[in-house]
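Undergrad: Structure for this input, please:
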Amino acid sequence: MPRNVPGAKYARILSAALLVVLGFGASTARASDAICGWDVDGHAVAINAKGHYTVVMYTNPDLEDESRAMTLALDPYRSRSDFDFVRVVDLRGDVPPSMRTMVRNQIRKEQAKESARLKKAGVDAPAGSAPIIPDFSGATLDALGWDSTYDEVHLVVYDPHGKEIKRLASVTDTKQMTKVVESIL
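TA: So this is what the prediction gives:
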């Protein structure tokens with residue numbers, strides 16, 4: 001959709017919310033600090049929770065294809081009890097309060113489709129095991145050290161103690177990401 005058409009920006013945001021489901025600055029938190037965000041249902045998500053490895057992906061409306069590819073590449077790990085996957089969508093300043101409910105509803109619909117896709121593929125991922133955090137304010141992004149709008153996917157990996165062990169900026173290749181995941185699991 002052309003970017004200068006009225007409403008195109010919101011259409012891109014909704015599209016990104018749809019596809020992120022399918023689809024680095026220094027960290028500001030210490031290993032002992034909990035980093036939290038709120039998923040589409042308003043539930044708190046402990047991003048660097050203890051007890052498992054967590055891959056956190058930065059994405060935004062312009063990264064829909066890239067984030068979808070990264071998400072699909074992580075399918076083989078999704079049923080592991082020692083692995084978690086969190087997606088944080090950078091929506092800072094892009095969505096007025098009156099449109100946020102619509103964005104959240106669309107993400108919920110796509111999460112249901114993703115769950116069905118995983119089940120069909122034989123991936124036994126528990127419901128809600130890969131939360132999506134639509135970050136309208138930037139609070140979660142800032143806590144993760146992502147203080148800009150990036151033009152490529154970024155990742156951060158936490159160990160089972162909640163400590164950051166790897167940070168990847170400008171991830172363009174799914175093989176790069178899966179190599180990191182393989183090295184920690």
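Undergrad: Can you report how many residues lie near residue 93?
TA: Neighbours of residue 93 under the rule other CB atoms under 10 Å: 10. Quick note: C-beta positions are derived from backbone N, CA and C, even for glycine.
Undergrad: Specify the local secondary structure of it.
TA: When classified by DSSP: H, G, I helix; E, B strand; the rest coil, residue 93 comes out as coil.
Undergrad: So it versus residue 135, what's the distance?
TA: Separation of residue 93 from residue 135 (CB to CB, to the nearest Å): 11 Å.
Undergrad: same check, this time on residue 124
TA: Computed as CB to CB, the residue 124 to residue 135 distance reads 29 Å.
Undergrad: and the two? which has more neighbours close in?
TA: Neighbour totals were compared for residue 124 and residue 135, and residue 135 leads with 22 against 11 (other CB under 10 Å).
Undergrad: Name the residues linked to that one by a beta bridge.
TA: For residue 135, the beta-bridge partners are residue 90 (DSSP bridges).
Undergrad: Tell me which residues touch residue 51, please.
TA: Counting by CB atoms under 8 Å, 6 or more residues apart in numbering, residue 51 makes contact with 82, 160.
Undergrad: which SS state does it fall under?
TA: Under three-state DSSP, residue 51 falls in the coil class.
Undergrad: got the buried residues for the longest helix seen in the chain?
TA: Using DSSP state H to define each element, the chain has its longest helix at helix 97-120. Buried residues in helix 97-120, counted by 16 or more other CB atoms under 10 Å: 103-104, 106-108, 110-111, 114-115, 118.
Undergrad: Least confident secondary structure element in this protein?
TA: Lowest mean confidence among the helices and strands of the chain (mean pLDDT, DSSP states H and E): helix 8-22, at a mean of 45.
Undergrad: Next, the contact list for the closest residue in space to residue 121 that isn't next to it in sequence, please.
TA: Closest residue in space to residue 121, ignoring its immediate chain neighbours: residue 75 at 6.5 Å, by CB to CB, 6 or more residues apart in numbering. Contacts here follow CB under 8 Å, 6+ apart; on that basis residue 75 touches 118, 121, 123.
Undergrad: Could I get those in CSV, plus columns for distance to residue 156 and pLDDT?
TA: Formatted as CSV, the contacts of residue 75 follow (distance: CB to CB, whole Å; pLDDT from 0 to 100):
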residue, distance to residue 156, pLDDT
118, 23, 89
121, 26, 86
123, 23, 87
